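J.: everything below, folded, please.
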Amino acid sequence: MPSERRKLDHSAKLIQKFQHLPEIRRIVRHRHVPKLIHKLRQTKHEMKMNEDRKERNRRKRTRADKLTPLVRARKQNVVTVVE
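T.: Residues are numbered from 1 along each chain as shown. This is a model prediction of the structure:
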């Protein structure tokens, strides 16, 4: 919506103009996030940490010859490499 875009632009200008003030720095640092989004992000983070912990435990308890090579999360989402 145009009015929302204008509001965000105006807020950005004010933040830039008064960025030296400690109150503005605090406001910028602590942006309000809706509770639902905050909880979803927290839940997703917990799920990821649990998966990582489970994988570490599985690797710890499995013989070395049975292990598959560890694929890092950044590498496993690559579909194709364009040359």
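J.: report the central residue of the chain.
T.: In the chain, the C-alpha nearest the mean C-alpha coordinate belongs to residue 41, at 7.9 Å (CA atoms, centre = their mean).
J.: that one: which element?
T.: In this assignment (DSSP states H and E), residue 41 forms part of helix 35-61.
J.: how about the next helix or strand after that helix: buried residues?
T.: The first helix or strand that comes after helix 35-61 along the chain, using DSSP H and E, is helix 73-76. Buried residues in helix 73-76, counting neighbours by 16 or more other CB atoms under 10 Å, are absent. To be clear about C-beta, it is placed using only N, CA and C from the backbone, and glycine gets the same treatment.
J.: how's this protein carved up into domains?
T.: According to the domain assignment given by automatic domain parsing, the chain is divided into the following structural domains: 1-30, 33-61.
J.: among those, show the one with the smallest mean pLDDT.
T.: Lowest mean pLDDT of the domains of the chain: domain 1-30, a mean of 87.
J.: next one: that one to chain centre, how far?
T.: For domain 1-30, the distance from its own C-alpha centre to the chain's C-alpha centre is 22 Å (CA atoms, centre = their mean, to the nearest Å).
J.: cool, stretch 73-83 as well?
T.: Stretch 73-83 sits 20 Å away from the centroid of its parent chain (CA atoms, centre = their mean).
J.: now stretch 50-62
T.: Averaged over its C-alpha atoms, stretch 50-62 has a centre that lies 22 Å from its chain's centre (CA atoms, centre = their mean).
J.: re the thing from before, tell me how far the residue nearest to the residue nearest to the centre of the chain when sequence neighbours are not counted lies from residue 62.
T.: The spatial neighbour of residue 41 that comes closest, neighbours along the chain excluded (CB to CB, 6 or more residues apart in numbering), is residue 33 at 7.9 Å. With distances taken as CB to CB, to the nearest Å, residue 33 is found 39 Å from residue 62.
J.: tell me, what's the model's pLDDT at the residue of the chain most remote from its centre?
T.: For the chain, the largest distance from the centre (CA atoms, centre = their mean) belongs to residue 65, which lies 34.8 Å off. Predicted confidence (pLDDT) for residue 65: 84.
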